[in-house]
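Novice: what follows is a predicted protein model with its sequence.
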Amino acid sequence: MRRFGPACRVCAVLGALAIGAPLLLSCGSASVCPAVGYISLVSLHITAERAANLAALVIELCQDGACHSFSANALTPLTPGPIPLPNSPGAPQSVSLRMADGSIDVRIEAGINDHPLDLTTSGTNTSGWSIGMSHVRLKPTATYPDGRDCGGPTTAVATLDALGLRAS
């Protein structure tokens, strides 16, 4: 039996790698998902006209039989910046900002999917009168920036103006 030298063993290993590597790489997904946590959001834009005399607002989100409510009672300062919203433990987090134009943007980090989402608002104006209840059914949109297998954020957007609530 003839023995091969070290140079031949290196050639054999390189040959096995050249044949085996493409076979191994062809198994499974060719794409790699980034280690990015996507945040799904429900965004509510309150126009400057509606926000100018809005004292308190209640927002309710319902999807797949689960509902979450948010209340904001200190909406009257008209200066731009964050508006504190109470966040209860276990509930989705929310952030509200009064913009320079007087409008208010509310962003709610909610674990929504692409099923229909019911959004309801009610509240009071600065005179203490009800602004009425408005409802809209939203169709959230899922996006997949790195491919469907990697997942991605889902968003739903609505606007509250003097006429009521509408999808935007």
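Specialist: Happy to help now that I have it.
Novice: show me where the chain has helices.
Specialist: Assigned by DSSP state H, the helices in the chain fall at 6-25, 48-51.
Novice: who are the contact partners of the residue positioned nearest the centre of the chain?
Specialist: Among the residues of the chain, the one closest to the centroid is residue 40, at 1.9 Å (C-alpha atoms, centre = their mean). Contact partners of residue 40, counting by C-beta atoms under 8 Å, 6 or more residues apart in numbering, are 109, 110, 111, 112, 113, 140, 153, 154, 155. Just so you know, the C-beta spots here come from the backbone N, C-alpha and C atoms, and that holds for glycine as well.
Novice: check contacts around the closest residue to the fifth one other than its chain neighbours.
Specialist: By the measure of C-beta to C-beta, 6 or more residues apart in numbering, the closest residue to residue 113 outside its immediate chain neighbours is residue 154, 6.0 Å from it. Listed by C-beta under 8 Å, 6+ apart, the contact set of residue 154 reads 40, 112, 113, 114, 140, 141, 142, 143.
Novice: before we move on, back to that, buried ones among the contacts of residue 40?
Specialist: 110, 112, 140, 153, 154, 155 (16 or more other C-beta atoms under 10 Å).
Novice: what separates the nearest residue to residue 105 once chain neighbours are set aside from residue 48, distance-wise?
Specialist: In this structure, residue 105 finds its nearest non-sequential neighbour in residue 97, 5.2 Å apart by C-beta to C-beta, 6+ apart. Relative to residue 48, residue 97 is positioned 13 Å away (C-beta to C-beta, to the nearest Å).
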